[in-house]
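Novice: Okay, sequence plus prediction incoming.
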Amino acid sequence: MNPYEPQVVDVIQNIEETPTIYTLRLRFRDKARQQAYRFAPGQFNMLYLYGVGEIPISIVSDPADEFVIDHTIRSVGRVTKAMSKLKAGDQIGLRGPFGRGWPLQHALGKDVILVTGGLGCAPVVSVIRYVIRRRDLFGRLVIMQGVKHADDLIWRDQYEQWETLHDTQVILAASEQPSAQWPWHSGHVTDLMHTAVFNPNNAIAMMCGPEAMMNAAIDPLLREGLNEHDLWLSMERNMHCAIGLCGHCQYGANFICKQGPVFPFAEIKTLFGEKGF
Ligand SMILES: Cc1cc2nc3c(=O)[nH]c(=O)nc-3n(C[C@H](O)[C@H](O)[C@H](O)COP(=O)(O)OP(=O)(O)OC[C@H]3O[C@@H](n4cnc5c(N)ncnc54)[C@H](O)[C@@H]3O)c2cc1C
Ligand code: FES
């Protein structure tokens, strides 16, 4: 597939998750292309709304699902707001998948800790689904999700179902005005790192969301004894080409679209949290 050329995909469904978050369920118009499409959790596609613009969006479906490709999107600006109006039967363009995904082979047999904030949960939801479908291949699963307002939590039913599974811990926190309908913690999810139960000598952590949140979660995990080579972060920057040519997503010596978006902390620790990078 020519990485510059968007391929036509049909909108199968546009699912409203909250008033500002929606999931676009897409399928390549060309059946052979749909069958040949493969991705790893953590990779992203460039979605192109004809006449409006093109944006990077993570893939949230399970790679074993051969029939549709899901993207969960928050309406923040020109393209995301225009895409929110798409209906079943509409068409958009898709290039991808791009980038390095999560190190799932490296995670086999280990406890898996997922720390996410806001819509940062989108790229790790594909990991949650991946681990749950192949439960015997992994150790404990710890899912930590922080949101600002209780209403920002999407897939609430799924979190409730995940916390009933064996060897699975779900830690949810809302930092602003949680109500009686919010049965979990109030405050920042990073204040609850000590409540996560895992074996630091045989664990891997994957994080996604605002960089300040990831920064706050790193220290407690390292203090628990987690090796920095077992700590992985998904980074976001503005993107144009998505194939390491235009330089828009440069991060030190790396291009986030190509060497990332998922990085081992050890690889970026000298830059991470530095102003201007
Ligand atoms: C690898 C990668 C994966 C992503 N995955 C998802 C995803 O799964 N779901 C999702 O909703 N979004 C995701 N994003 C962010 C998404 O690409 C931006 O929200 C989108 O490009 C904004 O386009 P727009 O035209 O709607 O907004 P614009 O009109 O361009 O901008 C509107 C506002 O959003 C801010 N903004 C723009 N881009 C970003 C960004 N990358 N991060 C933070 N703020 C931004 C701008 O500063 C501005 O304040 C991802 C970004 C990257 C790089
Ligand atoms: S988007 Fe062009 S180099 Fe990454």
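Specialist: Alright, I've got the coordinates. Ligands and ions are numbered 1, 2, ... in the order given.
Novice: Tyr48 belongs to a strand?
Specialist: Yes: under DSSP: H, G, I helix; E, B strand; the rest coil, Tyr48 falls within a strand.
Novice: tell me the contacts of it?
Specialist: 6, 54, 92-95 (C-beta atoms under 8 Å, 6 or more residues apart in numbering). Every C-beta, even on glycine, is put in place using the N, C-alpha and C of the backbone.
Novice: make it 6 Å
Specialist: 6, 54, 93 (C-beta atoms under 6 Å, 6 or more residues apart in numbering).
Novice: center of this structure, which residue is that?
Specialist: What sits nearest the mean C-alpha location of the chain, by C-alpha atoms, centre = their mean, is Pro123, with 1.3 Å.
Novice: Of the contacts of Tyr48, which is the nearest to Leu271?
Specialist: Glu54 (26.5 Å; C-beta to C-beta).
Novice: Mind listing the residues bridging to that closest one?
Specialist: Going by DSSP bridges, Glu54 is paired in beta bridges with Tyr48.
Novice: so it sits right up against Met46, yeah?
Specialist: Yes: using C-beta atoms under 6 Å, Glu54 is in contact with Met46, at 5.3 Å.
Novice: These two: who's more crowded?
Specialist: The residue with more neighbours, out of Glu54 and Met46, is Met46; 23 against 18, by other C-beta atoms under 10 Å.
Novice: Which residues are in contact with the more buried one?
Specialist: Neighbours of Met46 in contact, by C-beta under 6 Å, 6+ apart: 54, 56, 95-96, 242.
Novice: Hmm, Gly117 is touching Gly209, no?
Specialist: Yes: if you go by C-beta under 6 Å, Gly117 and Gly209 touch, sitting 3.1 Å apart.
Novice: Excluding sequence neighbours, find me the nearest residue to Ala64.
Specialist: Leaving aside its sequence neighbours, Ala64 sits nearest to Arg133 (C-beta to C-beta, 6 or more residues apart in numbering; 6.8 Å).
Novice: how much space is there between that neighbour and ligand 2?
Specialist: 31 Å (C-beta to the nearest ligand atom, to the nearest Å).
Novice: neighbours around that residue, how many?
Specialist: Residues lying near Arg133 (other C-beta under 10 Å) number 11.
Novice: On the pLDDT front, check it for me.
Specialist: Listed pLDDT for Arg133 reads 90.
Novice: Also Ala216?
Specialist: So, for Ala216, pLDDT stands at 90.
Novice: any idea whether it is helix, strand or coil?
Specialist: helix.
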